[in-house]
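[1] Predicted model and sequence below, questions to follow.
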Amino acid sequence: MPQAYFAPDLEEVRRKAPDLFLYEPKPWGKNPLEKAKALARERGWDFPVAATDGDELAHYGPCSSASWRSWRKE
């Protein structure tokens, strides 16, 4: 059954080697990029990390590149 939120198979993610790890926190979180980097390190992932300010994709979906300015990227 499809799920909105789920824990990914971490080994499968590593095998597929995505181009980007995008972290989408809840909006009340602090330092989302630092948390994303820490998660990537803990999981042994060595790909680029980016983070939104929280619930941007979940609520607004992918939209114009102008909205991407609020994202924090490495």
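    Received the coordinates, thanks.
[2] wait, isn't P48 in contact with D19?
    Yes - P48 is within contact range of D19, at 7.2 Å (criterion: Cβ atoms under 8 Å). (Glycine included, C-beta is placed from N, CA and C.)
[3] host element of R15?
    helix 10-16 (DSSP states H and E).
[4] Contacts made by that helix with the rest, please.
    R43, G44, W45 (Cβ atoms under 8 Å, 6 or more residues apart in numbering).
[5] Hmm, the last one is touching F21, no?
    Yes - in terms of Cβ under 8 Å, W45 counts as a neighbour of F21; the distance is 6.0 Å.
[6] tell me the helices in the chain, going along the chain?
    Taking DSSP state H as the criterion, the chain carries its helices at 10-16, 32-43, 56-60.
[7] what's near enough to touch the nearest residue to D46 once chain neighbours are set aside?
    Here the nearest residue to D46 in space, its sequence neighbours aside, is A40; by Cβ to Cβ, 6 or more residues apart in numbering that works out to 7.8 Å. For A40, the contacting residues are F21, D46, F47, V49, by Cβ under 8 Å, 6+ apart.
[8] coming back round to it: looking at the helices of the chain, which is nearest to P2?
    Among the helices of the chain, the nearest to P2 by Cβ to Cβ is helix 56-60 (15.2 Å).
[9] Buried ones in that closest one, by neighbour count?
    By neighbour count with 16 or more other Cβ atoms under 10 Å, helix 56-60 contains the buried residues E56.
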